[in-house]
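[1] sequence unknown, structure follows:
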C-alpha cells in the first residue's frame with residue numbers, strides 16, 4: 001500500500017523562480033485583503049515553500065514542521081470521525097491567531113493574524129487565495145518536464161558513460 005507521503009515523494013513538484021513569484025503575488029494580495037500579519041506556504045512534509053508579510057520574530061523552520069505535524073494529527077482525528085480530513089484549522093491566542101488552510105493535496109497555508117482583522121475575513125480571503133494557488137499548482141503539474149528535471153531517468157546510464165570515458169585503458 002502506498003502512503004500519502006510516498007505518493008508525494010513520487011510526484012515531487014519543482015518550483016521555478018516564476019512559479020514562486022506567482023505564488024507570492026497571491027500571498028501578498030491575500031495579506032492585504034485580509035489585513036493579516038503573514039502567510040507561510042508549507043508542504044505537508046514540513047518544509048516552507050515561501051512566505052509573505054512580517055515573519056521576522058517567527059522561527060519559520062519550527063513553525064513549518066509543527067504545522068505539518070498538526071495537520072497529520074488532525075487528519076488522523078478526522079479519519080476517526082469518519083472524515084477524509086479537515087481542510088481548515090484555527091488556533092486562537094491572546095494576541096495572535098493562526099489559521100491553517102489545506103491547499104490542494106500537498107500544501108498548507110498558515111496565516112498569522114491579530115485583532116486588526118476577524119476570522120471571517122481571513123476565512124473568506126483564504127478560500128479565494130487557496131483556489132488561486134491550486135490553479136498555479138495545476139499549471140505546474142501539467143507543465144512538461146524541463147531538461148535536467150528528470151535526472152533519475154537517465155542518470156545511471158549517463159554516469160556510466162562518463163566514467164567509462166574517464167577511466168578507459
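    Ah, there it is. Since we're looking at a predicted model, the values are computed, not measured.
[2] With adjacent residues omitted, what lies nearest to residue 124?
    Counting by C-beta to C-beta, 6 or more residues apart in numbering, residue 124 lies nearest to residue 34, which is 7.7 Å off, once chain neighbours are set aside. Where you see a C-beta, it was placed from the backbone N, CA and C, and this is true even at glycine.
[3] tell me the contacts of the one you found?
    111, 113, 117, 121, 122, 124, 125, 126 (C-beta atoms under 8 Å, 6 or more residues apart in numbering).
[4] Return a PyMOL selection command for the buried portion of those.
    In PyMOL, this line selects whichever of these come out buried by 16 or more other C-beta atoms under 10 Å:
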select buried, resi 111+113+117+122+125+126
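[5] which stretches of the chain have low pLDDT?
    Per-residue confidence of the chain (counting by pLDDT under 70) places the weak regions at 1-13, 146-169.
[6] Please enumerate the helices of it.
    Counting by DSSP state H, the segments of the chain that form helices are 4-10, 17-34, 60-80, 119-142, 151-166.
[7] can I get these in TSV with distance to residue 99?
    Compiled in TSV, those are given as follows (distance: least, C-beta to C-beta, whole Å):
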stretch	distance to residue 99
helix 4-10	22
helix 17-34	9
helix 60-80	11
helix 119-142	5
helix 151-166	37
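[8] so which of the ones you listed comes closest to residue 86?
    When those are compared by C-beta to C-beta, helix 60-80 sits nearest residue 86, at 5.0 Å.
[9] The closest one packs against which elements?
    Under the contact criterion of 3 or more C-beta pairs under 8 Å, 6 or more residues apart in numbering; DSSP states H and E, the helices and strands touching helix 60-80 comprise strand 38-43, strand 48-53, strand 88-92, strand 97-103, strand 107-113.
[10] right, and the ones you listed - which one's nearest residue 130?
    strand 97-103 (4.9 Å).
[11] JSON lines please, covering the contacts of residue 34 and showing distance to residue 77.
    JSON lines is the format used below for those (distance: C-beta to C-beta, whole Å):
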{"residue": "111", "distance to residue 77": "21"}
{"residue": "113", "distance to residue 77": "24"}
{"residue": "117", "distance to residue 77": "27"}
{"residue": "121", "distance to residue 77": "27"}
{"residue": "122", "distance to residue 77": "22"}
{"residue": "124", "distance to residue 77": "25"}
{"residue": "125", "distance to residue 77": "26"}
{"residue": "126", "distance to residue 77": "21"}
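[12] how about residue 19, what does it touch?
    Each residue near residue 19 by C-beta under 8 Å, 6+ apart is listed here: 136, 140.
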